[in-house]
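Student: Give the three-dimensional model of this entry:
(chains A, B, C and D)
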There are 2 protein chains.
Amino acid sequence: MSDLLERLRGRGWRMTAQRRVVAEVLDGEHVHLTADEVHARAVTRLPEISRATVYNTLGELVTLGEVLEVSTDRRAKRYDPNAHRPHHHLVCAQCGAIRDVHPSGDPLSDLPASERFGFTISGVEMTYRGVCPNCAAAA
Amino acid sequence: MSDLLERLRGRGWRMTAQRRVVAEVLDGEHVHLTADEVHARAVTRLPEISRATVYNTLGELVTLGEVLEVSTDRRAKRYDPNAHRPHHHLVCAQCGAIRDVHPSGDPLSDLPASERFGFTISGVEMTYRGVCPNCAAAA
DNA sequence: GCTTGACTTAGACATTGTCCATTGTAGGAT
DNA sequence: ATCCTACAATGGACAATGTCTAAGTCAAGC
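Tutor: Sure thing, here's the model as predicted:
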């Protein structure tokens, strides 16, 4: 678990209580939290941590490539600590639950040159949408 | 071009000046506008149209399946009038330009049952990211 | 041309995110 | 161990986007 902290320290990240708490929150829960959810959990461990710091720290972690930003809907961005294994997402249209998925096939090779419009393609995100078993049962 | 207006009228949509203007703005420009951009263009034709009405009308068009909502980033949702041909998007990471693309292959069949977690899958969105020729030249 | 219920309006409000000036502090230097 | 200083945290204002509501307006059917 402190892999993340070790890596960060090794990159010259100045370690503060706030950053440690944010990193631990992300590292501890392998779900996809919003910035405010991260803040809420961080506050239970370090009550005086500010919202701005959480936003800053999350932004730094994204820049460092340690977490991914996921925007599956119009609402808040979510933060995905599983940045080291490429994957896509499956989202429940009703409750918003998110699962990581690993489709077969290579979507990059599915985009012919004629459809690239001269862009230099760097990646692709896939978001599958559907209804999760819980919501289907409730309906 | 008034295909859209005809279809809407045929579905019992009450036709008002505001709705007509919003539909015309979307129908006229085959780019992906934000709600506020739609509002700005609508205002030039109908100065007293309100922001709330534009939001309402866009929401109704989405519900009716006449336009698609596209969230390619954390910023505003964009509205895609090309709802009748399935397609995906290619976004410039620098300037935010969006192109419609049509990858080959079927991403739905690329998700094995073992990766579906019991979800009933209804669709998939793909967002290719890269740098457009303009931004690449400017760099 | 009435009537009526759906539509529009303006602006307050909510949510999410960013900025900035001030204060605090981690970690190297002494 | 203590001091310095650059970097980080704070909190509160601000910005961008979107939603809601109460009151007024109007399209479409009679």
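Student: Does A:Asp100 touch A:His87 like I think?
Tutor: Yes: if you go by C-beta atoms under 8 Å, A:Asp100 and A:His87 touch, sitting 4.5 Å apart. Placement of C-beta: from N, CA and C, glycine included.
Student: May I see the buried residues of stretch A:50-60?
Tutor: Buried positions in stretch A:50-60, judged by neighbour count with 16 or more other C-beta atoms under 10 Å in any protein chain shown: A:53-54, A:57-58.
Student: Just the ones of those residues in helices?
Tutor: A:53-54, A:57-58 (DSSP state H).
Student: Kindly provide the distance from A:Val54 to A:Val22.
Tutor: Using C-beta to C-beta, to the nearest Å, A:Val54 is found at 6 Å from A:Val22.
Student: Send me the strand ranked longest in chain A as PDB with only the CA atoms.
Tutor: Counting by DSSP state E, the longest strand found in chain A is strand A:120-131. Provided in PDB are the C-alpha atoms of strand A:120-131 (Å, rounded to 0.1, in the frame of the first residue of the first chain):
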ATOM      1  CA  THR A 120      -1.900  12.400 -33.700                       C
ATOM      2  CA  ILE A 121      -3.800  10.000 -31.600                       C
ATOM      3  CA  SER A 122      -2.600   9.400 -28.100                       C
ATOM      4  CA  GLY A 123      -5.300   7.200 -26.600                       C
ATOM      5  CA  VAL A 124      -8.900   6.200 -26.300                       C
ATOM      6  CA  GLU A 125     -11.400   5.900 -23.500                       C
ATOM      7  CA  MET A 126     -14.300   3.600 -23.700                       C
ATOM      8  CA  THR A 127     -17.300   3.900 -21.500                       C
ATOM      9  CA  TYR A 128     -19.800   1.100 -21.600                       C
ATOM     10  CA  ARG A 129     -23.200   2.000 -20.300                       C
ATOM     11  CA  GLY A 130     -25.900  -0.200 -18.900                       C
ATOM     12  CA  VAL A 131     -27.900  -1.200 -15.800                       C
END
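Student: Next secondary structure after it?
Tutor: helix A:133-138 (DSSP states H and E).
Student: How is chain A partitioned into domains?
Tutor: Chain A breaks down by automatic domain parsing into domains covering A:3-80, A:88-138.
Student: and the residue nearest the centre of chain A, bridged to which residues?
Tutor: By C-alpha atoms, centre = their mean, chain A has its centre lying nearest to A:Asp80, at 1.9 Å. Each beta-bridge partner of A:Asp80 is listed here, defined by DSSP bridges: A:Leu68.
Student: Contact residues of chain A facing DNA strand C?
Tutor: A:9, A:14-17, A:34-36, A:51-52, A:55, A:59, A:75-77 (C-beta under 7 Å from any atom of the strand).
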